[in-house]
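Novice: just to be clear, the model below is a prediction. Sequence and coordinates:
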Amino acid sequence: MSVRITDVREITKPISSPIRNAYIDFTKMTTSLVAVVTDVVRDGKRVVGYGFNSNGRYGQGGLIRERFASRILEADPKSLLNSAGDNLDPDKVWGAMMTNEKPGGHGERSVAVGTIDMAVWDATAKIAGKPLFRLLAERHGVTANPRVFVYAAGGYYYPGKDLSMLRGEMRGYLDRGYNVVKMKIGGAPIDEDRTRIEAVLKEIGNDAQLAVDANGRFDLETGIAYAKMLRDYPLFWYEEAGDPLDYALQAALAEFYPAPMATGENLFSHQDARNLIRYGGMRPDRDWLQFDCALSYGLCEYQRTLEVLKTYGWSPSRCIPHGGHQMSLNIAAGLGLGGNESYPDLFQPYGGFPDGVRVENGHITTPELAGIGFEGKSDLYKEMKELAE
Ligand SMILES: O=C([O-])CC(=O)C(=O)O
Ligand SMILES: [Mg+2]
């Protein structure tokens, strides 16, 4: 039986909206949708793996076409297979993509590779005829747990959005079964943010907890001023206060903020993750790590990141990835992460869960669909099929 990647396709799609966080607006946001086409047939259908990058970084069509897709297509097909020769070996495909790439400078390249890597894992699990989370658990010798904690991310700044709209948005998440919600801070003066936080806390009462996200906006002084304000409230976490690479700032904040903090969505390699753990003063008993494989060289690299964390005594259960995609849902269910982000009202059709999956008590149950499960989400699969089937 032949197993061969016959094509790697990319199309850049808009995921734009008028929302704004403390650093960027999303009026021009895009994503790369990628298809890895194979010559394998399962259940009478050609196996195609799909991937896309999560929000925050833009589509990567240029890099994908100029370097990463062509390296896969130019490689000896046998060099991309597992030792039995009956499936792709994602690490080998990853190695082919990264040929002649120097170390360091992890940025847009990591998004391009992460997007293709998602499609390669989707194809690999489909060829194996299993949900990706089951495949991952088997490979790591652990027990999968399809029940995954998810929280609702939103609370963006938005033209004309007043406190009652913010409260209504949060109430909507509670109505849909979430018990942790997240809102943006740092895009308004601190007193206004305090008022926004108090309004949301009043709305959610004891039904849910609130996390806040500054999107890397603060210098040390502002980060500390916010820490002093935020510690008056029982927050779920204080996220990405300062620049993602300013580990000293992150470490200094711990002196002013004893409650949980979260960061990592803008760290794109296991080396950067290691620096955060070495120098960022993150506390393994309470803090959260948000590395997002779709932005950071994919699951091949994410597994190396988890190894780094293990070396430093961190449990995978402290990881709740950024991005709200089904790929991280599978990693959470397969490898015991602490949960996954979700954007109930944003970045559609890319975010979210397969049709019919409901949030109950802040958890979902990952369905038993082959691959990542994109075929179970009809609006998303419609766009995917247009690219490759
Ligand atoms: O607003 C964004 O860039 C997304 C983000 O930080 C998050 O989901 O944590
Ligand atoms: Mg964030």
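Specialist: Arrived safely, thanks for sending. Numbers count the residues shown, from 1 in each chain. Ligands and ions are numbered 1, 2, ... in the order given.
Novice: mind listing what Glu239 touches?
Specialist: Applying CB atoms under 8 Å, 6 or more residues apart in numbering, one finds that Glu239 lies in contact with 182, 211-214, 261-263, 290. Where C-beta positions appear, they are placed from N, C-alpha and C, glycine not excepted.
Novice: cool, and Ala35?
Specialist: 7-10, 48-50, 119, 384, 387-388.
Novice: which of the residues you listed sits closest to Asp162?
Specialist: For Asp162, the closest of these turns out to be Met384, at 37.7 Å, with distances computed as CB to CB.
Novice: coming back round to it: out of the contacts of Ala35, which are inside strands?
Specialist: Counted as lying in strands by DSSP state E, out of the contacts of Ala35, are 7-10, 48-50.
Novice: which one (most neighbours) among those?
Specialist: Ranked by neighbour count (other CB atoms under 10 Å), the ones in strands among the contacts of Ala35 have Gly49 at the top, with 30 neighbours.
Novice: list the beta-bridge partners for it.
Specialist: Using DSSP bridges, the bridge partners assigned to Gly49 are Val36.
Novice: now do it against Gly280, distance only.
Specialist: In this structure, Gly49 and Gly280 are separated by 34 Å, where distance is defined by CB to CB, to the nearest Å.
Novice: what does Leu267 give?
Specialist: For Leu267, the distance to Gly280 equals 10 Å [CB to CB].
Novice: for the helix or strand hosting Ala137, name the packing helices and strands.
Specialist: With elements taken from DSSP states H and E, the one containing Ala137 is helix 132-140. For helix 132-140, the packing partners by 3 or more CB pairs under 8 Å, 6 or more residues apart in numbering; DSSP states H and E come out as helix 108-128, helix 326-335.
Novice: distance of Ser315 from Tyr279?
Specialist: For Ser315, the distance to Tyr279 - CB to CB - is 20 Å.
Novice: which residues of the stretch 51-200 of the chain lie near ligand 1?
Specialist: For the stretch 51-200 of the chain, the residues in contact with ligand 1 under the definition CB under 6 Å from any ligand atom are 55-56, 153.
Novice: separate out the buried members of the contacts of Glu239.
Specialist: By the neighbour-count criterion of 16 or more other CB atoms under 10 Å, the contacts of Glu239 include these buried positions: 182, 211-214, 261-263, 290.
Novice: now, which of those residues sits nearest ligand 1?
Specialist: Taking CB to the nearest ligand atom as the measure, ligand 1 lies nearest Asp213 of the buried ones among the contacts of Glu239, at 5.0 Å.
Novice: in the sheet, who's paired with that closest one?
Specialist: Per DSSP bridges, residues listed as beta-bridge partners of Asp213: Lys184, Glu239.
Novice: tell me which residues touch it, please.
Specialist: If a contact means CB under 8 Å, 6+ apart, then Asp213 has 21, 153, 182-185, 239-240 as its contacts.
Novice: ok, Arg278 next?
Specialist: Arg278 sits next to 247, 312 when contact means CB under 8 Å, 6+ apart.
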